[in-house]
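# No letters, just coordinates:
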């Protein structure tokens, strides 16, 4: 069995859709509203947590003992309708790739499902492995990757993501790593858009 782990946000649709910008603002709002942080302090703290713990949420859990369910619900309570639409080309690409496809995201399940539904591709995935499935330990930490491997026990793994360090972890773990971007140094393959992945290459792996 061959498993293809596919990130959702900014991987299956272009960053220009601005969805993460909406989530990003909600994260800042959460830190100000519920943790009493000064608005000027928030960016510095987020960078610190991102580098140290992998995600802002992980840092807030460590230092403020936040409820991750509440954090995820609040930060992903954004209106994404109209920002992305059904993508026939993307759907055809997924159909041509011969692998078990699992959405692998640091977002919560409800958000990932909505994105895949709006893109018209949710039926192309056998499962969604979200941040809750990963016990709130997000990429690029090795733990979620290792948990998926333990659950699926496939012979071959492929991973596609727009974040360099997430792709780097996949490659370190022996997965065929694809960067949706231009960083060939961390990946086995780099393409600008997911639709540009050569299915003939993936199917031969």
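Nice, I can see it. Every value quoted in this text rests on a predicted model; they were computed, and no experiment measured them.
# Ends of stretch 1-9, what's the gap?
End-to-end distance for stretch 1-9: 26 Å, by CA to CA, to the nearest Å.
# in it, what's buried?
Residues of stretch 1-9 classed as buried: 2-9 (neighbour count, 16 or more other CB atoms under 10 Å). For every residue, glycine as well, the C-beta is placed using N, CA and C.
# Filter those down to the ones in strands?
For those, membership in strands holds for 2-6, with DSSP state E as the criterion.
# Between these, which sits nearest residue 61?
Each of these was checked against residue 61 using CB to CB; the closest is residue 5, at 23.8 Å.
# can I assume that closest one is in contact with residue 154?
No - the pair formed by residue 5 and residue 154 falls short of the contact definition of CB atoms under 8 Å, at 10.0 Å.
# Output the buried residues of stretch 1-9 in a markdown table; the columns should cover pLDDT and distance to residue 128.
Output for those, formatted as a markdown table (pLDDT from 0 to 100; distance: CB to CB, whole Å):
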| residue | pLDDT | distance to residue 128 |
| --- | --- | --- |
| 2 | 98 | 18 |
| 3 | 98 | 13 |
| 4 | 98 | 13 |
| 5 | 98 | 11 |
| 6 | 98 | 10 |
| 7 | 98 | 11 |
| 8 | 98 | 8 |
| 9 | 97 | 12 |
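# got TSV for these, with distance to residue 55 too?
What follows is the buried residues of stretch 1-9, written out as TSV (distance: CB to CB, whole Å):
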residue	distance to residue 55
2	28
3	23
4	23
5	17
6	19
7	14
8	15
9	13
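# from the chain's centre, how far out does the longest helix anywhere in the chain sit?
Scanning the chain for the longest helix, with DSSP state H as the assignment, gives helix 19-33. Here the centre of mass of C-alpha atoms in helix 19-33, compared against the chain's by CA atoms, centre = their mean, to the nearest Å, lies 17 Å away.
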